[in-house]
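Asker: Okay, predicted coordinates and the sequence, questions at the end:
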Number of protein chains: 2
Amino acid sequence: MPETTAMNRSPDAAEPQSTGLSRRGLLGLAGLGAVGFAGLGASIAQAAAEQGSTGSDVAATYPFFGDHQAGIVTPAQDRLHFASFDVSNISRAELKSLLSDWSYAANRMTAGRGAGAYGPTNGPYDSPPDDTGEALDLAPAGLTITFGFGPSLFDSRFGLSTKRPAALIDLPAFPKDALDPALVGGDLCIQACSDDPQVAVHAIRNLSRIAFGRASLRWSQLGFGRTSSTTRAQVTPRNLFGFKDGTANLRAEDTSAVAKEVWVQASDGQAWMTGGSYLVARKIRMTIETWDRTSLREQETVIGRTKGDGAPLSGGSEFTAPNFSTVGAQGSPIIPADAHVRLAHPKQNDGAALLRRGYNFVDGNDDLGRLNAGLFFLAYQRDPRTQFVPIQQNLATNDAMNEYVRHVGSAIFAIPPGAKEGRPLGAALFD
Amino acid sequence: MPETTAMNRSPDAAEPQSTGLSRRGLLGLAGLGAVGFAGLGASIAQAAAEQGSTGSDVAATYPFFGDHQAGIVTPAQDRLHFASFDVSNISRAELKSLLSDWSYAANRMTAGRGAGAYGPTNGPYDSPPDDTGEALDLAPAGLTITFGFGPSLFDSRFGLSTKRPAALIDLPAFPKDALDPALVGGDLCIQACSDDPQVAVHAIRNLSRIAFGRASLRWSQLGFGRTSSTTRAQVTPRNLFGFKDGTANLRAEDTSAVAKEVWVQASDGQAWMTGGSYLVARKIRMTIETWDRTSLREQETVIGRTKGDGAPLSGGSEFTAPNFSTVGAQGSPIIPADAHVRLAHPKQNDGAALLRRGYNFVDGNDDLGRLNAGLFFLAYQRDPRTQFVPIQQNLATNDAMNEYVRHVGSAIFAIPPGAKEGRPLGAALFD
């Protein structure tokens, strides 16, 4: 891991005055107007100019500002820390201020800096540092930080009920759901992705710290070994069933498909969401031990692809389109009616597709010595009513894979468009 | 991640007959003599010759065979999956057979191959694969697999009580221990380290699968961002307190110190352990949220080093030896009497040192929204009675850091010497 020049500053290096945001705001202790965000874009640019840039770090840095949030079509990094938050009993202005403080810190961290000045600007040693320090020597490694708003944020607390988009539905109960209430929902979410897990963890930790007294962690999930395949040039990663996962999904390079299937358009209503997207998160536990005692024939029949190459059972190689009408010697379809690849394929779902960005997880083991492992499914889309929901209804009812998976966590979030310089993320929600 | 040529074989590629080990043995279903291990060294060498080698993979491959087990002085990889096992109600011969099967699979996996032939050798499709598949496209990324034996293995079950080394003590209770019984002890352990978490997880999963019916997971831990610093050339990694961790510890390059402090010598008794070591594992939860609200002054006083550079408070830079007698303006020591760096330093412990190889962990959050995070401490040593135990007695009694940590898991294991070609790991224990 190369060192980041930007981070190798002395502990008492003063924060340039132009950044403005007070520690008071960062620590969530007080007044909480939309403090100090205006000068933000300039200050980061200024800091970069002061410190010079190092080629390797720049290559792994994604800007926080833009038409869309980073972390959606960004080539999927290898590690994830995802967090869902409950907002505390605070005012609308305090919620707006939290988003401002989060934007300030996210912009700094994605640029390879600390969440705040290090050490504190108000008295260098007798206050807590504004950054927790564990990423001080680390490059951002492609860090992206993506924020979202859950349906419950639009209840009566913050005067936002008229701003709730129709597409931000409460997810219906699906057949065979086995949800743990502790792993469901949330007012706000943050997806932090990086090629370095310590960098992703550092981001969530510091954003949680900044939220102290204003929002608290509801549930969180670490992941590794992405199961997305956002460009066709990459090797398709494997899930913990040992199969390539996401072969037939949307690719970031298919810009017209992404525009149609991922980004909310002005014609979709709720102007503050134009350029945004919707995220569905599902924690899917796999019954690993049962799967591992299943024959290779059964495994490939359940999936509808070969385990080695990921080719459809109807023939060809990984990226050959599956032929769902090919029949075998006994007259039945070679890709069975209940195979996962058939049921999940856009061709079988009126063309509905998802931009998947999921990660494998292993959360230790349960009391019976079984690995608590599976897939943390993340899918971005323009409208869950016509994309995730019908696809999942189909899968939950018919998929042969259901014997080996259990959906234990579930959430949906509106992902607002990207922040612009001088304007925090989600600001248009409060207009 | 480069693809591994060795793994890109077709699903039904036959296993060379010379490897011998039957699926029956691998799946733990039956007879369980010490099957098929004899031809093992040759078969891997043969396979390598068949497949050719790719430069980048070779560089990240550590041999399973050797005088010492890999994963101790091996430069610390970035990711960890550690597992502790309870042995089931099986015979001494079955235990020996399990170690043979584990050695067979570990030798294959560290060489970048599957845990077993892929697909199965007995009927290509109507049996479970002998490898779970999720690492099929991945290079070994420096995978090491290190096995150990807990004190309980030497009870009456397997006729091993006379083989228990005196140094394999039951760890004493330390002041302020807050151990969770579910995170303590174990008959056997496996430490899997790799720069790719999916590769480490794949190793533990497949070894657990192979143990089915013979040993079951008792507890397990994933980790990232090593806190060891096994060579002085590397940047010292940071723990989740945000401080550099392990600066004054043993380095693998100090071969005379390693010989004296890490490897068991013939004169230490129990000949089967010569060339081995002892591992102490402690799961140390940090009260992150409390720490993060502590002033920088307090943080640095607790540690005894600066947060930015890791320099001792007595002056200099990171690798300057701390001067414990330097006093400040008020006549008290600049590095306080209860500072962690003072209490843990070899100078304050009759020269006792540890080869540390720990990892940070974040296991989601607890019900109160606090990150369940901390340090999974792993330390190798020649004799815990004169190394870990007195150091930890000192720390547990006096360390100012105790206010911010809680030891929740604990275990000790005898780490036998390396396996030799044709002889499974730990075979000398049964002589």
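Answerer: Ah, there it is. Numbers count the residues shown, from 1 in each chain, chains lettered A, B, ... in the order given.

Asker: which residues of the stretch 51-200 of chain A fall in strands?
Answerer: A:79-87, A:144-149, A:188-194 (DSSP state E, counting those that start in this stretch).

Asker: Please identify the buried residues of the shortest one?
Answerer: Buried positions in strand A:144-149, judged by neighbour count with 16 or more other C-beta atoms under 10 Å in any protein chain shown: A:Thr144, A:Ile145, A:Thr146, A:Phe147, A:Gly148, A:Phe149. All C-beta atoms are positioned from the backbone trio N, CA, C, and that covers glycine.

Asker: tally of neighbours for the residue of the stretch 1-150 of chain A found nearest chain B?
Answerer: Using C-beta to the nearest C-beta, A:Gly133 is the residue of the stretch 1-150 of chain A that sits closest to chain B, at 2.3 Å. Here the number of neighbours of A:Gly133 (other C-beta atoms under 10 Å in any protein chain shown) works out to 26.

Asker: burial measure for the nearest residue to it once chain neighbours are set aside, as a count.
Answerer: Nearest residue to A:Gly133 in three dimensions, chain neighbours excluded: B:Gly242, at 2.3 Å (C-beta to C-beta, 6 or more residues apart in numbering or on different chains). Using other C-beta under 10 Å, the number of residues around B:Gly242 comes to 25.

Asker: and what of the one 10 residues further on?
Answerer: Close neighbours of B:Ala252, defined as other C-beta under 10 Å, add up to 20.

Asker: distance of it from B:Phe224?
Answerer: 20 Å (C-beta to C-beta, to the nearest Å).

Asker: Just the buried positions in stretch A:282-301, please.
Answerer: In stretch A:282-301, counting by 16+ other C-beta under 10 Å, buried: A:282-289, A:291-292, A:294-296, A:298-301.

Asker: so which of the residues you listed are also by chain B?
Answerer: A:Ile288, A:Glu289, A:Asp292, A:Thr294, A:Ser295, A:Leu296, A:Gln299, A:Glu300 (C-beta under 8 Å from any C-beta of the partner chain).

Asker: quick one: which two of the residues you listed are the most distant?
Answerer: Using C-beta to C-beta, those reach their maximum pairwise distance at A:Glu289 and A:Glu300, which is 19.0 Å.

Asker: May I have the secondary structure class of the residue in the stretch 201-350 of chain A that chain B sits nearest to?
Answerer: Per C-beta to the nearest C-beta, A:Gly242 is where the stretch 201-350 of chain A lies closest to chain B, at 2.3 Å. For A:Gly242, the assignment made with DSSP: H, G, I helix; E, B strand; the rest coil gives coil.

Asker: Double-check it against B:Glu134; I have them as touching.
Answerer: Yes: assessed by C-beta atoms under 8 Å, A:Gly242 is found in contact with B:Glu134 at 4.7 Å.

Asker: Okay, A:Arg164 and A:Ile90: tell me how far apart.
Answerer: Applying C-beta to C-beta, the value for A:Arg164 to A:Ile90 is 19 Å.

Asker: Low-confidence ranges, the stretch 151-300 of chain A, go.
Answerer: A:228-234 (pLDDT under 70).

Asker: To clarify, my last question referred to the stretch 301-431 of chain A.
Answerer: For the stretch 301-431 of chain A (pLDDT under 70), the answer is none.
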